[in-house]
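Asks: Next comes the sequence, and after it the predicted model I'd like to discuss.
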Amino acid sequence: MGSGVQHALEQLKTTGVRITPQRHAILTYLMEAMNHPTADDIYRALEPQFPSMSVATVYNNLKMFMEAGMVRELTYGDNSSRFDANVSDHYHVICQECGKIEDFSYSSLHEVEQRAELATGFKIHGLRMELYGVCKCCSEKQH
């Protein structure tokens, strides 16, 4: 594990960002956590390693990773933002019962973007697709 992290950190260095142990830990945690953690989740997970780190530190670093295009912020209106280090084309399936989010890879929806451009004259820069349902765990509980 960690080749993705190394690659990401190399990328950051080229943009002139200093790689602090905290940044390294935050990015590693994000890349290994497949559950789209919130800033609080990340803070709680890393606090034992970095007692001096604050939630604000985590937020500031996440912002910086987002500006570098390495992390996506997922806002779903209700609760605090979750963060996703997978910036490849993929979509999210969200459980309406427990709020769990899973990645779903599907060939890109370029055709939809092209149709939208033709129909509206907009220049489309991206899209976000969310599918809502009930996860396996929750649906088993219901029976």
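Replies: It's in.
Asks: For the residue nearest in space to the middle of the chain, what are phi and psi?
Replies: Note on the chain: the residue nearest the mean C-alpha position is Asp84, at 1.0 Å, using Cα atoms, centre = their mean. Torsion angles at Asp84 (phi, psi; degrees, to the nearest 10) stand at phi -130, psi 120.
Asks: got a pLDDT number for the nearest residue to it once chain neighbours are set aside?
Replies: Nearest residue to Asp84, sequence neighbours excluded (Cβ to Cβ, 6 or more residues apart in numbering): Arg72, at 4.6 Å. Where C-beta positions appear, they are placed from N, C-alpha and C, glycine not excepted. Arg72 carries a pLDDT score of 88 in this model.
Asks: oh, and call the first residue 12 from now on, that's how I've got it
Replies: Got it, the first residue is 12 from now on, which makes the last one we talked about Arg83.
Asks: I'd say Arg83 and Val98 touch.
Replies: Yes - in this structure, Arg83 is within contact of Val98 by Cβ atoms under 8 Å, at 5.6 Å.
Asks: Those two: which is more packed in?
Replies: Set Arg83 next to Val98 and count neighbours by other Cβ atoms under 10 Å: Arg83 wins out with 18 against 13.
Asks: Surely Gly80 touches Ala96?
Replies: No - between Gly80 and Ala96 there is no contact, the gap being 11.1 Å when judged by Cβ under 8 Å.
Asks: If you count surrounding residues, which of these two has more?
Replies: Using other Cβ under 10 Å as the criterion, Gly80 and Ala96 rank with Ala96 on top: 23 against 10.
Asks: Show me where the chain has its strands.
Replies: 83-85, 93-95, 102-106, 112-115, 141-144 (DSSP state E).
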